[in-house]
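In: sharing a model prediction with you, sequence too.
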Amino acid sequence: MRDAIDGRAAVAREDASYEIVPIRIALPQRDEVLVEIHAAGICHTDWNSLQWRRRFVLGHEGAGRVIATGPDVRRVQPDDAVVLNWAVPCGACPACTGGHENICERQSPVVAGPSSAGHAAIERTTCEGQPIERSFHLGTLSTHTVVREAAVIRINEKIPFASASILGCGVMTGVGSVVNVARPEAGSSAVVLGTGGVGLNVIQGCRIAGCTRIVGVDVQESRLGMARQFGATDGVLATRDDEGLLRAAREVQSLLGGGADYAFECTAIPELGAAPLAMIRNAGTAVAVSGVEEKVVVDMELFEWDKRYVNPLYGGCSPTRDFPRLIDWYASGALKLDELVTKTYALDDLPDAFEDLLAGRNAKGVVLFEH
């Protein structure tokens, strides 16, 4: 193999736009893996990341095939099908040794910063002759990527690349926020605020965990229809003028005969950051799945009484534990992935993919690459 290969990628620009341009990818070294991307999920984070206003390869959900490995790689080999994940734990910091690999203090691109664990992204990919970083150290909206070995999980089950690609963030975040973070008891009740891609996976997580009442809340009737397909037992159609979703909360309480045991916020709307607290009973648990990172004004009466509010990252992901488990659930039929992929696109059709994302037309859009 040559010392580098040519590819194409969606590259963000400093003016918050992006372009599809040629890139060059060097061979992997040390503990690195060169992956030929076959499918990349489209997420709101990809669109929002344009506001970073710097040059980088877009995309953080992906699946593909290994085509080369560095000399220190042991867990995968060329021709293995893999799913990519951006939680690359160091295994030694207090977070990792305490069982919180998703918030690794040394290598997480969210917790430790964009330059952490980024040697592969900076040294192996060039655009217009200059090194360029990759979103979340992955940059999956690209024909190829070079990542750390810990960022790939081998796929042992037969699964389409399009379905595998969305495991890497949306599915992991949604399902993980239920089974790893909230950990609802079988027979409990749950409310999911926002039934987009992440919300649908929260619903799936609740179903897998054995919740018997799962209420979806959304402002789009079509979204509530999707929610039922993935496991919601009830739906509440909210309105955009419902401040804090307090009217919707009263509907939820009427449906359930009181507040829910668990409520999950999946809207990414700062004004709704406290809304799940209004949906739960005393001693219930509210989970901020969407990760709002803005100031939120909270009426402390919503915490009455003994309520718990958790703001997890990446569904409490431990990659070597969680991705095989997700794939097993898919193989058994417990986790729906094929049904989540509403529409696929070519890389050159990325503007259409973003338009459909922002309009809420898809459960999940995926870019497919031909090789």
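Out: Done, it's in. Being a predicted model, the structure only gives us computed values, none of them experimental.

In: domain parsing for this structure?
Out: For the chain, whose domains are defined here by automatic domain parsing, the residue ranges read 4-159+337-368, 174-313.

In: which residues of the protein score low on pLDDT?
Out: 1, 112-123 (pLDDT under 70).

In: which stretches in it count as helices?
Out: 44-48, 94-97, 119-124, 161-165, 170-176, 197-209, 221-229, 246-256, 275-279, 319-332, 350-359 (DSSP state H).

In: looking at those helices, which is closest to Asp3?
Out: helix 119-124 (11.0 Å; C-beta to C-beta). No exception for glycine: its C-beta is placed from N, CA and C like everyone else's.

In: and for the residue nearest to Ala274 when sequence neighbours are not counted, the neighbour number?
Out: Excluding its sequence neighbours, the residue lying closest to Ala274 (C-beta to C-beta, 6 or more residues apart in numbering) is Val298, at 4.5 Å. For Val298, the count of nearby residues is 12 (other C-beta atoms under 10 Å).

In: ok, the one 4 residues further on next?
Out: Other residues within reach of Leu302 by the criterion other C-beta under 10 Å amount to 19.

In: isn't it right next to Gly273, touching?
Out: No. Contact criterion C-beta atoms under 8 Å: Leu302 and Gly273 do not qualify, at 10.8 Å.

In: residues touching the residue most central in space within the chain, list them.
Out: In the chain, the residue lying closest to the centroid (C-alpha atoms, centre = their mean) is Cys169, at 2.2 Å. By C-beta atoms under 8 Å, 6 or more residues apart in numbering, the residues touching Cys169 are 41, 43, 45, 60-61, 85-86, 314.

In: go again with 7 Å.
Out: 41, 43, 60-61 (C-beta atoms under 7 Å, 6 or more residues apart in numbering).

In: of those, which is the most crowded?
Out: For those, neighbours tallied by other C-beta under 10 Å; top is Glu61, 32 neighbours.

In: next one: phi and psi at that residue?
Out: phi -120, psi 130 (degrees, to the nearest 10).

In: any idea how far Val219 is from it?
Out: 25 Å (C-beta to C-beta, to the nearest Å).

In: Arg106 too?
Out: From Arg106 to Val219 the distance is 40 Å (C-beta to C-beta).

In: and for Thr45?
Out: From Thr45 over to Val219 (counting by C-beta to C-beta), the distance is 21 Å.

In: and for His38?
Out: From His38 across to Val219, the span is 34 Å (C-beta to C-beta).

In: and for Glu304?
Out: Separation of Glu304 from Val219 (C-beta to C-beta): 27 Å.

In: who's more crowded, these two?
Out: Val219 (17 against 10).

In: quick check: that one touching Gly235?
Out: No. Contact criterion C-beta atoms under 7 Å: Val219 and Gly235 do not qualify, at 11.5 Å.

In: re the thing from before, I figured the residue nearest to Ala274 hits Pro276, correct?
Out: No. With contacts counted by C-beta under 7 Å, Val298 stays clear of Pro276, the gap being 11.2 Å.

In: just the CA atoms of stretch 4-17, as CSV, please.
Out: Provided in CSV are the C-alpha atoms of stretch 4-17 (Å, rounded to 0.1, in the frame of the first residue of the first chain):
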residue,chain,number,x,y,z
ALA,A,4,-1.1,7.7,1.8
ILE,A,5,-4.4,7.5,0.1
ASP,A,6,-6.6,10.1,-1.5
GLY,A,7,-10.2,10.7,-0.4
ARG,A,8,-13.0,13.2,-0.1
ALA,A,9,-14.6,14.8,2.9
ALA,A,10,-17.0,17.4,4.2
VAL,A,11,-14.8,20.1,5.7
ALA,A,12,-16.0,22.9,7.9
ARG,A,13,-14.8,26.5,7.2
GLU,A,14,-14.2,29.4,9.4
ASP,A,15,-17.3,31.2,8.2
ALA,A,16,-19.6,28.4,9.5
SER,A,17,-20.1,26.9,6.1
